[in-house]
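Student: 3D, please:
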Amino acid sequence: MKLLLINPNISQSVSDLIEAEARRAAAPGTEIRVLTAPFGVAYIETRFESLIGAYATATLAAEHAEQHDALIVAAFGDPGIDGLRELLDIPVVGLTEAALMSACLLGKRFSIVAISRRITAWYRECVQANGLIDRLASIRCLDRPLQDIGRVQEDHAQALQALCQSAIDDDGADVIVIAGAPLAGLARAIKQRIPVPVVDGVSSAVCHAQTLASLAPAPARRGSFAPPPEKPNQGLPESLARLLARR
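Tutor: Prediction:
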């Protein structure tokens, strides 16, 4: 099985964290490939940045997805995931959806631990879009400058663990979702020190993607995820225009 993970951000240090956790979570024999967005921002915090990340992801998906059994949008918030599901015949999984589904199997109410205050409004909207707002206990976040996005876990280790504990003690969380690719692997590192299950988006996405690829679902040909209709276009990358024409 071959999984393609696309980091919609330009930070190679974050891609390295994604790849390390993906390989730890993958089943024996699963091949992991991680690509980094060729343009965009260092890390996504806003709706507009998500739009940029979604387009960057689409360009890489059009070029590379065909050689893989499933694609993972490796950023919390799942930029562009529904559009990619229209375009591709393989399963497409996002960190947010995967983490939330895992959390719902482990408890009734979950809290999200995030890397910045600005990001929390968008995360709340993502939870609502997934139909799970009633199960969200809270979103706890760091509220300090991030010097190096690839070192958030090391630079803010105690603060992140304290946020997890506050979500349990003060908000009644049954499960903690560690949000965002820069925190990939943190759940695995701290799970023995947190008194409720801790969920990681990357490992959840890898496991769910493997399951969906094994089920080999037929691609949508009708309904809201049917392929985009043929129509004139211009200015698109060659790989994207070619994929649209083939669809």
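
Student: CA atoms for contacts and neighbours, from now on please.
Tutor: OK.

Student: strands along the chain, start to end?
Tutor: Secondary structure of the chain (DSSP state E): strands at 2-7, 31-36, 70-73, 92-94, 110-114, 136-141, 175-178, 198-200.

Student: and these as CSV, adding distance to Pro228 and mean neighbour count?
Tutor: Formatted as CSV, the strands of the chain follow (distance: least, Cα to Cα, whole Å; neighbours: other Cα atoms under 10 Å):
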stretch, distance to Pro228, mean neighbour count
strand 2-7, 22, 26
strand 31-36, 25, 18
strand 70-73, 19, 28
strand 92-94, 16, 27
strand 110-114, 34, 27
strand 136-141, 33, 21
strand 175-178, 34, 28
strand 198-200, 32, 27
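
Student: want to try CSV for the ones you listed, with mean pLDDT as columns?
Tutor: Converted to CSV, these look like this (pLDDT from 0 to 100):
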stretch, mean pLDDT
strand 2-7, 98
strand 31-36, 98
strand 70-73, 98
strand 92-94, 98
strand 110-114, 97
strand 136-141, 98
strand 175-178, 98
strand 198-200, 97
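
Student: which one of the ones you listed lies closest to Val127?
Tutor: The closest of these to Val127 is strand 136-141. By Cα to Cα, the value is 7.7 Å.

Student: can you give me the domain boundaries for the chain?
Tutor: Using automatic domain parsing, the domain parsing of the chain gives 2-95+204-246, 98-201.

Student: grab the longest helix from this structure for me.
Tutor: Longest helix of the chain, by residue count under DSSP state H: helix 47-64.

Student: output the contacting helices and strands for that one.
Tutor: strand 2-7, helix 238-246 (3 or more Cα pairs under 8 Å, 6 or more residues apart in numbering; DSSP states H and E).

Student: dump the residue contacts of the residue nearest the centre of the chain.
Tutor: Nearest to the geometric centre of the chain sits Leu95, at 2.4 Å (Cα atoms, centre = their mean). Going by Cα atoms under 8 Å, 6 or more residues apart in numbering, Leu95 touches 72-78, 180, 201-202, 204-205.

Student: nearest spatial neighbour of it, skipping sequence neighbours?
Tutor: Once flanking residues are discounted, Leu95 sits nearest to Gly201: 4.5 Å by Cα to Cα, 6 or more residues apart in numbering.

Student: burial count for that neighbour?
Tutor: Other residues near Gly201 number 30, with proximity taken as other Cα atoms under 10 Å.

Student: do the one 5 residues further on as well
Tutor: Burial of Val206 is recorded as 30 neighbouring residues (other Cα under 10 Å).
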